[in-house]
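# Next input, structure requested:
(2 chains)
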Amino acid sequence: MPVRFAAGTLALLALAVLLVPAVVQLDQSLVDLRAAGQPPSLAHPLGTDEVGRDVLLRSIYGLRVSFLVGLVAALVSMVIGGLMGLAAGSLGGLPDRLLMRVVDGFNALPHLLFGIFIVALFAPSAAAVVVSVGVTHWTTAARIVRSEVLSLRSRPFVEAAISAGATRTRVVRRHLLPHLLPHLMLATVLMVPHAIWHETALSFLGLGLPPHLASLGNMINDGQRSLLTGDWWSSLVPGLFILVPTLAVSVLAQHWRDRRSPRWRSELEL
Amino acid sequence: MRAVLKMVAWRAAFAAPLLVIVTIGMFALAQASPFDPVRQYLGERALVTSPEVAESIRQNWGLDRPVLEQYATWFGNLVSGDLGESRSLHRPVVEIIGDRLGWTLLATGSALVLMFAGSLAVGTLAAWRRGSWLDRAITGGAFANEAAPVFWLGLLAIWIFAVQLDWLPAGGLTDPAAVAIDPADVFTHMILPVTVLAVSQSSWLILYVRESVIGVLREDFVIGARARGLRERTVLVRHALRSALLPFLTLLGARMPELVTGAILVETVFSWPGVAAASVQAALAVDFPLLAALTLLGTAAVLAGNLLADIAYTVADPRVRTLGVS
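Residues are numbered from 1 along each chain as shown, chains lettered A, B, ... in the order given. This is a model prediction of the structure:
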């Protein structure tokens, strides 16, 4: 039941993000002071913020921007991590040990702090956010790919290919990548919510996307001023647009993991 | 004891080069940055300042020297304890950190203790009443909490406890009208940020404690303790929880980066005058000396946390202590 509910919620949000911008245009710089600070009503289902912008419409646009930035950032980290893991796993020996020390090193860094550092020096923008998330989050993918490559390397079909004289690139492309892709795809799906979290956190701190742009972090940042006067909708509602999809993805991932490893599931059910 | 010393030496051998590499990375990033500190220093005056004057400032700051020499000077100063002067606050970085570090340690330390105690109690409760509505509420709440951004949680807490109920102050260290720092006043200001930080970090711990207590409750020695007729609480706390706890000391060390991240966001939301919030202010003002020092401090905090977790593990687990396995 929760699995279907999570899938349904994600589908609904995906539809909203895809269809709403096609139907209703959002004027990013629109200010309507007559409609400022209205609580939820029929005209504005989730109220308006302190300069009269519709919270629901901006949240949907914000989710779209956050999702795009999060997806690109997750892909960047997967590509970096995938290449690193592939290199470590297939080269072995000294390069492997060196790369794994690099992974340990990156894991010891407080990610948000380095994100802040990178964004601060290269002027806040979507590109800076993508880079800051990408270069600090590739280690998970690297570990997954490396351990998978290590187990694949000793399988008979890989050994057969090598003994038949296949080149290193051919082994990697024809024999390793097809097995690695599903793992990488799941890791990417799981990384997207985390990357969205990073984007919104940076925007919330004023170090993310340009302030006028409708993004979830920017909206929470704008809304926190009017929170003290009792206007909860303009800051807390955009937060729900982060919380709900993140929760839905983690429910689905959990379900998928349980299905893939029934032993673990049956142990939990005991 | 020797195992502990060996552990410290091993960790230090990893930490020292890492910190040096971090300084190199930060310096390289600053070099690659399009940002010009002289222009920032001049501000609006940059338009009316002659290029000669700007050039002399540049020379004065040593920015015309070769990059390697600049790095060597900066690194040498760092090692000798001179962290430079903050460009936005116009005070020595060491002073700023000295003023603020105590508040950060107070808040994050209290949050850690609260998180620890709270998660152990809640996780054990869920494991003990496994499958009940209470267990489902706790696990569901933990998953939802994991998905909620910590700054959103902070704003939610402000809205409920400061705006609607008006029980607690919304932020700051003391009452705005206060002239001196009164411990009771600081305490009421601490409650919300510390609780939010503790709650936001607790999800994984609650789920972890729940799962491992469930696992341990099936072990023979627990069943044996029950069969001997020991009280349920004794079985749960003295037998199950104790042996479920060991591996999580290492996990706690691995969560240090998350703690630093949480501290940054919570301190910012609640205007807590700590070092973590200062890193955001430094970033907004592109204050390289302060930001670099704080980033280094954050990394050092993570490494120190890992080390402490390892030591605690060595001390707590007799197998590691005597056999040296880890």
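# going forward, measure contacts between C-alpha atoms and count neighbours the same way
OK.
# isn't residue B:101 right next to residue B:272, touching?
No - Residue B:101 is beyond contact range of residue B:272, at 11.2 Å (criterion: Cα atoms under 8 Å).
# out of those two, which sits in the more crowded spot?
residue B:272 (25 against 15; other Cα atoms under 10 Å in any protein chain shown).
# what residues are up against whatever residue of the stretch 151-270 of chain A ends up closest to chain B?
Nearest residue of the stretch 151-270 of chain A to chain B (Cα to the nearest Cα) works out as residue A:243 at 4.9 Å. Each residue near residue A:243 by Cα atoms under 8 Å, 6 or more residues apart in numbering or on different chains is listed here: B:144, B:147, B:148, B:149.
# Residues in contact with stretch B:164-179: which ones?
Counting by Cα under 8 Å, 6+ apart, A:230, B:158, B:161-163, B:181-182, B:185-186, B:188-192, B:269-273 sit against stretch B:164-179.
# Tell me which of the contacts of residue A:243 fall in helices.
Counting by DSSP state H, the part of these found in helices is B:144, B:147.
# Out of the contacts of residue A:243, who's the most crowded?
Neighbour counts for those, by other Cα under 10 Å, peak at residue B:147, which reaches 24 neighbours.
# From residue A:80, how far off is that one?
26 Å (Cα to Cα, to the nearest Å).
# need the contact list for residue A:72.
residue A:130.
# and it, that one's in a helix?
Yes - according to DSSP: H, G, I helix; E, B strand; the rest coil, residue A:72 belongs to a helix.
# So for it, what's the pLDDT?
With respect to pLDDT, residue A:72 has a value of 92.
# Residue A:131 versus that one, what's the distance?
Taking Cα to Cα, one finds residue A:72 at 10 Å from residue A:131.
# what do you get for residue B:219?
Between residue B:219 and residue A:131 the computed distance is 48 Å (Cα to Cα).
# who's more crowded, those two?
Looking at residue B:219 and residue A:131 with other Cα under 10 Å, you find the greater number of neighbours at residue A:131, namely 18 against 12.
# Could you find the closest non-adjacent residue to the more buried one?
Nearest non-adjacent residue to residue A:131, counting by Cα to Cα, 6 or more residues apart in numbering or on different chains: residue A:73, 7.0 Å away.
# which residues sit in contact with that neighbour?
With Cα under 8 Å, 6+ apart, residue A:73 has these contacts: A:129, A:130, A:131, A:133, A:134, A:192, A:195.
# Of those residues, which belong to helices?
Using DSSP H, those in helices are A:129, A:130, A:131, A:133, A:134, A:192, A:195.
# Now tabulate those residues in CSV and tack on pLDDT.
Converted to CSV, the ones in helices among the contacts of residue A:73 look like this (pLDDT from 0 to 100):
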residue, pLDDT
A:129, 86
A:130, 89
A:131, 87
A:133, 87
A:134, 87
A:192, 87
A:195, 88
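# and chain A, which of its residues are near chain B?
Contact residues, chain A versus chain B (Cα under 8 Å from any Cα of the partner chain): A:105, A:108-114, A:116-118, A:120-122, A:197, A:201, A:205-207, A:220, A:224, A:227-230, A:232, A:235-236, A:239-240, A:242-244, A:246-247.
# residues near the closest residue to chain B within chain A, how many?
Closest residue of chain A to chain B, Cα to the nearest Cα: residue A:110 (4.3 Å). Look at residue A:110: counted by other Cα under 10 Å, it has 24 neighbours.
# Check what pLDDT it gets.
84.
# residues touching residue B:70, list them.
In this structure, residue B:70 makes contact with B:62, B:63, judged by Cα under 8 Å, 6+ apart.
# can I assume residue B:25 sits in a helix?
Yes - Residue B:25 forms part of a helix when assessed by three-state DSSP.
# Report the separation between it and residue B:66.
Using Cα to Cα, residue B:25 is found at 17 Å from residue B:66.
# out of these two, which sits in the more crowded spot?
Between residue B:25 and residue B:66, counted using other Cα under 10 Å, the more crowded position is residue B:25 (12 against 9).
# Next one: that one relative to residue B:18, how far apart?
10 Å.
# ok, back up a step: just the buried ones among the residues of chain A next to chain B, please.
A:105, A:108-114, A:116-118, A:120-122, A:197, A:201, A:205-207, A:220, A:224, A:227-228, A:232, A:235-236, A:239-240, A:242-244, A:246-247 (16 or more other Cα atoms under 10 Å in any protein chain shown).
# just checking, which of those belong to helices?
Of those, the ones assigned to helices by DSSP H are A:105, A:111-114, A:116-118, A:120-121, A:197, A:201, A:220, A:224, A:227, A:235-236, A:239-240, A:242-244, A:246-247.
# And residue B:280, its phi and psi?
Dihedral angles phi and psi of residue B:280 (degrees, to the nearest 10) take the values phi -70, psi -40.
# what about the closest residue to residue B:182 other than its chain neighbours, neighbour count?
Spatial nearest neighbour of residue B:182, excluding adjacent residues (Cα to Cα, 6+ apart): residue B:174 at 7.6 Å. For residue B:174, the tally of surrounding residues (other Cα under 10 Å) stands at 21.
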